[in-house]
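[1] from the sequence below, what's the structure:
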Amino acid sequence: MVSQALMIDITDLGNPMIVGAAALVTTIWLWVSRQRDMAQVFAVAAIATAVATTTLKLVSITLGGELYDTIFYMSTGAPSGHTALSAAIYGGIAMLFAVGSRGALRIGAPLLLLTAIIGVGFTRVALGSHTPADVVAGFLVGGSFAAVVGFVAARRQREWPPLMPLLASVLAVGLLLHLSGLRFQSPGLL
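    This next block holds a predicted model:
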């Protein structure tokens with residue numbers, strides 16, 4: 001059984017403060033690495049995910065939950081913002097590694113990031129913050145934007161810079177923010 005404290009630590013990986021910092025670090029790293037087209041695509045995908053998630057939450061608040069007492073029940077806070085943002089940002093970074101790296105990093109980094117995304121979704125349900133349908137909706141929203149990043153990255157013809165510094169930077173910034181305790185608290189919108 002996973003402890004409550006560990007579940008909170010895992011769910012915090014999807015907090016907009018931590019995910020936003022990962023998006024910013026990734027965008028800056030891509031820009032500095034002269035991958036400016038990918039930096040723009042990644043930044044637009046991150047912003048679009050936040051806008052789409054917030055818009056869908058406002059719609060779900062207005063419409064209220066439907067299909068009560070079924071697995072398809074979506075709460076008035078759907079989709080899960082933590083899940084959508086982690087799927088978009090960590091999923092987008094995973095796509096960069098899957099396309100632009102070689103060897104163990106090509107598989108290892110995406111698996112690590114996918115584990116984080118699944119962990120965030122699982123803990124949102126386990127902590128009672130969202131329904132399973134809310135989390136699936138978050139996966140669909142965020143995963144769509146990650147897929148766009150992957151599609152654009154796969155169509156590029158240029159040489160990729162080494163990606164290990166990106167992974168190290170994202171992990172370091174995320175760990176520092178996590179340890180700092182800084183969190184974005186929204187009134188149910190993200």
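
[2] quick check: which ranges of the chain have low pLDDT?
    Within the chain, the segments meeting pLDDT under 70 span 1, 63-76, 157, 182-190.

[3] please, where are all the helices along it?
    4-11, 16-32, 36-63, 81-100, 104-126, 132-155, 164-180 (DSSP state H).

[4] could you look over those helices and pick the most buried one?
    helix 81-100 (a mean of 28; mean count of other Cβ atoms under 10 Å). C-beta coordinates here come from the backbone N, C-alpha and C atoms, glycine included.

[5] what is the orientation angle of that helix with helix 132-155?
    20 degrees (axes from the mean of the first three to the mean of the last three Cα atoms, to 10 degrees).

[6] how far does helix 81-100 sit from its chain's centre?
    5 Å (Cα atoms, centre = their mean, to the nearest Å).

[7] and for stretch 133-142?
    11 Å.

[8] now stretch 19-38
    Its chain's C-alpha centre lies 15 Å from the corresponding centre of stretch 19-38 when counted by Cα atoms, centre = their mean.

[9] ok, now stretch 82-102?
    For stretch 82-102, the distance to the chain centre is 8 Å (Cα atoms, centre = their mean).

[10] could I have that stretch exported to CSV, CA atoms only?
    Extracted C-alpha coordinates of stretch 82-102, given in CSV (Å, rounded to 0.1, in the frame of the first residue of the first chain):
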residue,chain,number,x,y,z
HIS,A,82,-2.6,17.8,-13.0
THR,A,83,-3.0,14.8,-15.4
ALA,A,84,-3.5,17.0,-18.5
LEU,A,85,-0.4,19.1,-17.8
SER,A,86,1.8,16.2,-16.9
ALA,A,87,0.7,14.3,-20.0
ALA,A,88,1.4,17.3,-22.2
ILE,A,89,4.7,18.4,-20.7
TYR,A,90,6.3,15.1,-19.6
GLY,A,91,4.8,13.4,-22.6
GLY,A,92,6.2,16.1,-24.9
ILE,A,93,9.6,15.7,-23.3
ALA,A,94,9.3,11.9,-23.7
MET,A,95,8.6,12.4,-27.4
LEU,A,96,11.7,14.5,-27.8
PHE,A,97,13.8,11.7,-26.3
ALA,A,98,12.0,9.0,-28.3
VAL,A,99,12.8,10.9,-31.5
GLY,A,100,16.0,12.7,-30.8
SER,A,101,18.2,10.4,-28.7
ARG,A,102,19.9,7.1,-29.1
